[in-house]
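**Student:** attaching a predicted model along with its sequence, questions to come.
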Amino acid sequence: MFTTLLLAAMVLGSQDVKEEYPPPGNYPHSFQIRQKNDRFHDVTSLEMDFGTVWSDGQNKLELKVHQFYKGDGRSKPRGDPAFRFLNTGRDGWRYLKYHPIVFIADGKRLRYDPEHDGDVGDGYVLEFMWVHPEKSELLSLIYSKNVEVMVGIDQFSLKQSHLNALKDYCSYLALPSRQIGDPGPKKHLEEAISYESQGMDDLARSAYQRVIDQASGSYEAGEAAKGIKRLDDPARREANKKAMEAQAQARLAQEREKEEASLRRKIEQNFRLGRSLEGMNTKGALSYYREILKLAKGLKPEPPELKKAKDRVKALSVTE
């Protein structure tokens, strides 16, 4: 009985454990994620700057997240992501002798003894501290609802926007081919399905392929492969061909209707102008009436102005 209860507790307790970085998604925040390549040192960095996370008037503590890669791109990570704390002090060193950094993530305590370095400027001191959490520790932080931080003796809490930003940042770690700002495979899959439903097969195929390139082996990639298979189905291609032909015919019919409506308006206008010139300029009136005879060719039903124009040509030609 005790063994059964213990196993059940272990299973229930392990349900909340996250072992992988989050997928691309909607993680609202205002922080910018940047990718930079240093060609001279053959290093690429993925970074996010939180700006100031604590201050007391004399000190300003800033936090930045870094992940370094060998070469150009994000295919060869060098270690795990690191937190860089930078303090700008106006009253001398603040963390020189005592600089442990402790996170409490939903009650779980993570303590680090960071590297410490610094420099003295004209009226200020810069202090750098680097924390290198393991992947499991980073996941504990980003999936927590409440994260408190202590640097030396200074305390602050990460806001929800910070945690959202960390999730967004880590979603890029899981997909090295994903471009910064790219909405990710889930969004591309939604776009592809929408394009497919509208018969926009070229756009659908392109979006499906992006899903496969970004998230090979995932659920989204499997659905994208099914989508491409549907697009390649001969019956669908034939149906799309007929649909496109029908759309082309419908557009042609619309264009003809517009052209005919324009001709009828022109005929009406010419008849009014012809009538206004009678008695003043017979030749001018006749030119308008004769143009009506040309414009009305092929129009069905014939415009009422056609018969009137013929009558006026006949009547005016006697006096011309």
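**Tutor:** Structure's in. What do you need?
**Student:** the host helix or strand of Met48 pairs with which strands, parallel or anti?
**Tutor:** Per DSSP states H and E: Met48 is located in strand 43-55. Paired neighbours of strand 43-55 in the sheet (DSSP bridges): strand 33-38 (antiparallel), strand 59-70 (antiparallel).
**Student:** so Val149 touches Pro100, yeah?
**Tutor:** No. Contact criterion Cβ atoms under 8 Å: Val149 and Pro100 do not qualify, at 11.3 Å. In this view, the C-beta of every residue, glycine as well, is placed from N, C-alpha and C.
**Student:** more neighbours: those two, which one.
**Tutor:** For Val149 and Pro100, the more surrounded residue by other Cβ atoms under 10 Å is Val149, and the numbers stand at 23 against 14.
**Student:** remind me which residues of this protein are low pLDDT?
**Tutor:** Across the chain, residues meeting the criterion (pLDDT under 70) sit at 1-17, 319-320.
**Student:** all strands for it, in order.
**Tutor:** Ranges of strands in the chain, per DSSP state E, are 33-38, 43-55, 59-70, 82-89, 101-105, 108-112, 115-120, 125-131, 147-151, 154-158.
**Student:** among these, which is nearest Glu278?
**Tutor:** strand 33-38 (76.9 Å; Cβ to Cβ).
**Student:** which residues belonging to the closest one are considered buried?
**Tutor:** By neighbour count on 16 or more other Cβ atoms under 10 Å, the buried set for strand 33-38 is 33, 35.
**Student:** again with stretch 110-124
**Tutor:** Across stretch 110-124, burial judged by 16+ other Cβ under 10 Å covers 110, 112, 114, 116, 118, 124.
**Student:** which among those residues gets closest to Lys229?
**Tutor:** Leu110 (46.5 Å).
**Student:** what's the local residue count around the nearest residue to the closest one once chain neighbours are set aside?
**Tutor:** Closest residue to Leu110 apart from its sequence neighbours, by Cβ to Cβ, 6 or more residues apart in numbering: Phe103 at 4.3 Å. As a burial measure, Phe103 scores 21 neighbours (other Cβ under 10 Å).
**Student:** now swap in Gly152 and tell me
**Tutor:** Gly152: 20 neighbours (other Cβ under 10 Å).
**Student:** what's the spacing between Tyr169 and Leu138?
**Tutor:** 10 Å (Cβ to Cβ, to the nearest Å).
**Student:** got any residues that touch both of the two?
**Tutor:** Common contact partners of Tyr169 and Leu138 (Cβ atoms under 8 Å, 6 or more residues apart in numbering): Pro81.
**Student:** of the buried residues of stretch 110-124, closest to Ala239?
**Tutor:** Using Cβ to Cβ, the buried residues of stretch 110-124 come closest to Ala239 at Leu110, 58.0 Å.
**Student:** isn't that closest one right next to Leu139, touching?
**Tutor:** No. Applying Cβ under 8 Å as the test, Leu110 and Leu139 come out as separate, 11.3 Å apart.
**Student:** what residues of stretch 204-218 count as buried?
**Tutor:** Those would be 204-205, 207-212, 214-215, 218, for stretch 204-218 by 16+ other Cβ under 10 Å.
**Student:** and stretch 143-163, by the same measure?
**Tutor:** Buried-residue list, stretch 143-163, by 16+ other Cβ under 10 Å: 143-144, 147-149, 151-152, 154, 156, 158, 162-163.
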